[in-house]
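Undergrad: take this sequence and fold it.
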Amino acid sequence: MVFNLEQILQLWASWGLMDVILPFILIFAVVFAALQKVKIFGKKNERVHIIIALVLAFAVVIPHVTYMYPPEADVVDIINTSLPQIAVVIVAILMMMVLVGLVGEEWEALKGLVGLISVLVLVYIFIRAANIIPSYQLLYWLENPAVQSILVLLFGFGLAIWLITGGKDNGSGVDGVLDFFKKIRK
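TA: Numbering: from 1, shown residues only. Now for the predicted structure:
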């Protein structure tokens, strides 16, 4: 019996790849990385970090599999709904980094601004996926993935044009961003 890639992915999905395995690995990896970075239990307690990450990953995935979460508050469904949009944000950030590198400017100058915008966008994505805030009729068009892609593309091109055309003489470009944040910090 010959399988093509689509059939193999459908078979994996029927085995619980998207509902059990991938969310478990994601939660384990994020919790373990956070514990390793923060070092709450000391520098050499990797086993404790592994155990805590395993417990938290199981604590999120098992109630999903056993249908213990309310349908509107299922953590795994929220993660699965959010991840495609988060992937678009990550691609946009990488695209900006490439564009900034192509024009020869320093990425450090924009890192804080891009980080702040990224965090705000990610929080919005998770809030919308969890249905915590109602969908406003005025902003319904922002829910369309095609519109989201176009906005990300326009923002990326606008940033590239601004960085390319902004010179150091007239205070625009990356130097203008640095000057702006220096004034705010004072």
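Undergrad: per-domain residue ranges of the protein.
TA: The chain breaks down by automatic domain parsing into domains covering 1-68, 72-186.
Undergrad: mean pLDDT lowest where, among the ones you listed?
TA: Here the domains of the chain differ in mean pLDDT, and the lowest is domain 72-186 at a mean of 72.
Undergrad: how close does the residue nearest the centre of the chain sit to Phe126?
TA: Among the residues of the chain, the one closest to the centroid is Ile86, at 3.8 Å (C-alpha atoms, centre = their mean). Distance, Ile86 to Phe126, by C-beta to C-beta, to the nearest Å: 9 Å. Any C-beta I mention is one placed from the backbone N, CA and C, and that applies to glycine too.
Undergrad: please apply the same query to Tyr67.
TA: Tyr67 is 22 Å from Phe126, where distance means C-beta to C-beta.
Undergrad: between the two, which is the more surrounded one?
TA: The neighbour comparison of Tyr67 against Phe126 (other C-beta atoms under 10 Å) goes to Phe126, with 16 against 9.
Undergrad: now the phi/psi pair for the residue nearest to the centre of the chain, please.
TA: The phi and psi values for Ile86, taken as degrees, to the nearest 10, are phi -70, psi -40.
Undergrad: I'd guessed it sits against Tyr124; true?
TA: No - counting by C-beta atoms under 8 Å, Ile86 stays clear of Tyr124, with 10.9 Å between them.
Undergrad: which parts of this protein are helices?
TA: For the chain, helices defined by DSSP state H occupy the ranges 5-14, 22-38, 46-65, 75-102, 108-129, 145-165, 174-185.
Undergrad: now the angle from the shortest one to helix 22-38?
TA: Yep, that's helix 5-14 we're talking about. 70 degrees (axes from the mean of the first three to the mean of the last three C-alpha atoms, to 10 degrees).
Undergrad: residue numbering should commence at 2 henceforth.
TA: Taking 2 as the first residue, the last one we looked at is helix 6-15.
Undergrad: what residues does stretch 120-137 touch?
TA: Stretch 120-137 is contacted from outside by 73-74, 79, 82-83, 86-87, 90, 144, using C-beta atoms under 8 Å, 6 or more residues apart in numbering.
Undergrad: gap between the nearest residue to Tyr70 once chain neighbours are set aside and Val21?
TA: Distance criterion C-beta to C-beta, 6 or more residues apart in numbering; nearest residue to Tyr70, sequence neighbours excluded, is Pro64 at 5.2 Å. The gap separating Pro64 from Val21 is 12 Å, by C-beta to C-beta.
Undergrad: count the residues that sit near Val8.
TA: Actually, residue 8 is Gln. It isn't Val. Using other C-beta under 10 Å, Gln8 is surrounded by 11 other residues.
Undergrad: quick one: Phe158 and Lys44, what's the gap?
TA: 45 Å.
Undergrad: between those two, which one's more packed in?
TA: Remark: of Phe158 and Lys44, Phe158 carries more neighbours, 12 against 7, as counted by other C-beta under 10 Å.
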